[in-house]
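Novice: sharing a sequence plus its predicted fold:
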Amino acid sequence: MAKEDKKAEKQEPEKPPKKTREGGMKLQVLISIIVGVLAVQGVIVYILIKFVFSAPADPKAQMSKAEQEKKVKMEEIDKEKKKREAEMTSEGSDEADFLTNPEEIMNFETGQITTNPKSSSQFIVVNLLIEFRSKESKSFASAGKGEGGGGGEKESGRMVSVDAAFLNRIKGEVLMTLGDLTVDKLQDSRDTVKMIIRKRLIPIFMKSHEKKMFLRDITFMEYLIQ
């Protein structure tokens, strides 16, 4: 009996059975599923933010700033042209009083006008051909080439001389107008610059009651930025 007890004491305890990896595999699969779901949701949220919520409601917002500015300028030019056409064809317009015969259309050149654009050390040089009508057309002498006149006959009317005081008022207004514009504005569109100058010269012609003058158009004979 004593020997059996000693053998029993020497017997090693039974080792617990090894755990299987089945539980660990299930946990890894579950984590993979969760990560996959989160990744899919993240992609969906990104697509919604980028292509749905951030899409501008107004189509104009999709246009670049340069395109918007160009569109506005073209609309202004078109509006001014339509306004001038209405003035020149309407019976009640100011020019209607001058439409008696083609010979009343006259032209003169301002000569070179030089100034600095706004906030710039560069120079802009222009020479304007100004076309106008006057009820007192006989009071304007035909002019040769030179400041305040031109060279020969023009198809749109004869070249005439204007008095120095009137010419200086024209040149002074052109100087101020060009000096108020930046280099970028002057380089962007001559039509826009022409429209601005014409608009500021009209009152000078309208106030010339002694000559009863009407400004029709201006043309750049010279336009140089340097």
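Specialist: Cool, the structure landed.

Novice: tell me the pLDDT at residue 75?
Specialist: Residue 75 is assigned 78 on the pLDDT scale.

Novice: what about the strands in this protein?
Specialist: With strands called from DSSP state E, the chain shows them at 105-115, 124-134, 153-154, 157-159, 213-225.

Novice: those strands: lowest mean pLDDT?
Specialist: Of all these, mean pLDDT reaches its minimum on strand 153-154 (a mean of 42).

Novice: could you dump the strands of the chain to TSV with mean neighbour count and distance to residue 31?
Specialist: For the C-beta atoms, the positions are set from N, CA and C on the backbone; glycine is no exception. Converted to TSV, these look like this (neighbours: other C-beta atoms under 10 Å; distance: least, C-beta to C-beta, whole Å):
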stretch	mean neighbour count	distance to residue 31
strand 105-115	19	76
strand 124-134	21	72
strand 153-154	12	89
strand 157-159	20	90
strand 213-225	17	69
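
Novice: quick one: closest of those strands to residue 166.
Specialist: When the strands of the chain are compared by C-beta to C-beta, strand 213-225 sits nearest residue 166, at 8.8 Å.

Novice: got the angle for the closest one vs strand 105-115?
Specialist: Strand 213-225 and strand 105-115 are oriented at 40 degrees to each other (axes from the mean of the first three to the mean of the last three C-alpha atoms, to 10 degrees).

Novice: which elements pack onto strand 213-225?
Specialist: Packing partners of strand 213-225 (3 or more C-beta pairs under 8 Å, 6 or more residues apart in numbering; DSSP states H and E): strand 105-115, strand 124-134, helix 183-188, helix 190-206.

Novice: ok so, going back, for residue 181, find the nearest of the strands of the chain.
Specialist: Of all the strands of the chain, it is strand 124-134 that lies closest to residue 181, at 8.5 Å by C-beta to C-beta.
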